[in-house]
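Student: the following comprises the amino acid sequence and a computationally predicted model.
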Amino acid sequence: MKKGFFICIEGLDGCGKTTQAKLLALKLKSEYNAFYTAEPSQGEIGKFIRTRYLFGDKRSSNITEALLFAADRFDHLERTIIPAINEGRLVISDRYLYSSLAYQGADGLDLTWIEKINSHALRPDFSVFIDVDPAIVIQRLKRRKSVMEDLETQEKVRMIYLKFVERGDLVQIDGGKSKELVSKNLLNSVTKFLEKKQTIGSERV
């Protein structure tokens, strides 16, 4: 059975990544059997995280949060991501490992430790960082009346993401353009990756 691919879309809250990840999955559904998923997941741990942290006001220590997000990630992999990849599907995840590194790193945790507790997590085949100025995402979140981090935290998060761009782990896409142009650039970037993988695969046959 042909193995599928795993792609994750990263970015600051309010950068448009959820919209773009869903559009990407829709555009690639027919050709690559793509589907959209997200973290925190829809599993029991993910639902707990959403209720307690994202939509509530109760917080535990940053270490506890990091461990919860890691546990949800492994559950997400076992329940959803790995089975879909084994079926030959294209999995597009709205947030994944780099969100933990960026947000929990900005919260003061050591990046090496975060990587260690996630060391057994499946690495994506391709990862994208939709980059938007932190000041702009703060404005967007205020209009939505969303729970949000302050500007200083968003700037710290962005700097960590950019470290992984520089390391070659993330492909940076300018999210400050129109929704249509960001979607076009994201699709082009992902399609180029998939076509390259298909070419390599056909050469090995």
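Tutor: Perfect, thanks for sending it. Owing to the predicted nature of the structure, the values given are computational and were not obtained by experimental measurement.
Student: CA only for contacts and neighbour counts going forward, please
Tutor: Will do.
Student: so where does S93 fall, helix or strand?
Tutor: strand 90-94 (DSSP states H and E).
Student: which ones are touching the most centrally placed residue in the chain?
Tutor: Nearest to the mean C-alpha position of the chain, counting by CA atoms, centre = their mean, stands R95 at 2.1 Å. Shown in contact with R95 (CA atoms under 8 Å, 6 or more residues apart in numbering): 8-11, 38-39.
Student: repeat that with 6 Å
Tutor: Counting by CA atoms under 6 Å, 6 or more residues apart in numbering, R95 touches 9-10, 39.
Student: ranges for the strands of the chain?
Tutor: For the chain, applying DSSP state E gives strands covering 5-11, 34-38, 90-94, 126-131, 171-174.
Student: and the longest one, what does it pack against?
Tutor: For strand 5-11, the helices and strands in contact under the criterion 3 or more CA pairs under 6 Å, 6 or more residues apart in numbering; DSSP states H and E are strand 90-94, strand 126-131.
Student: quick one: which of those is nearest T19?
Tutor: strand 90-94 (9.3 Å; CA to CA).
Student: centre of the chain to that closest one, how far?
Tutor: 8 Å (CA atoms, centre = their mean, to the nearest Å).
Student: who's in contact with it?
Tutor: 4-9, 18, 32-38.
Student: and L141, how many residues sit next to it?
Tutor: Applying other CA atoms under 10 Å, we find 16 residues neighbouring L141.
Student: so what's G201 scoring on pLDDT?
Tutor: G201 is assigned 56 on the pLDDT scale.
Student: mind listing the helices for the chain?
Tutor: For the chain, the helices defined by DSSP state H cover 17-27, 29-32, 44-49, 62-76, 82-86, 97-106, 111-117, 134-144, 151-167, 179-204.
Student: so can I have a markdown table of these showing distance to S127?
Tutor: Formatted as a markdown table, the helices of the chain follow (distance: least, CA to CA, whole Å):
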| stretch | distance to S127 |
| --- | --- |
| helix 17-27 | 11 |
| helix 29-32 | 17 |
| helix 44-49 | 21 |
| helix 62-76 | 16 |
| helix 82-86 | 16 |
| helix 97-106 | 9 |
| helix 111-117 | 16 |
| helix 134-144 | 20 |
| helix 151-167 | 10 |
| helix 179-204 | 9 |
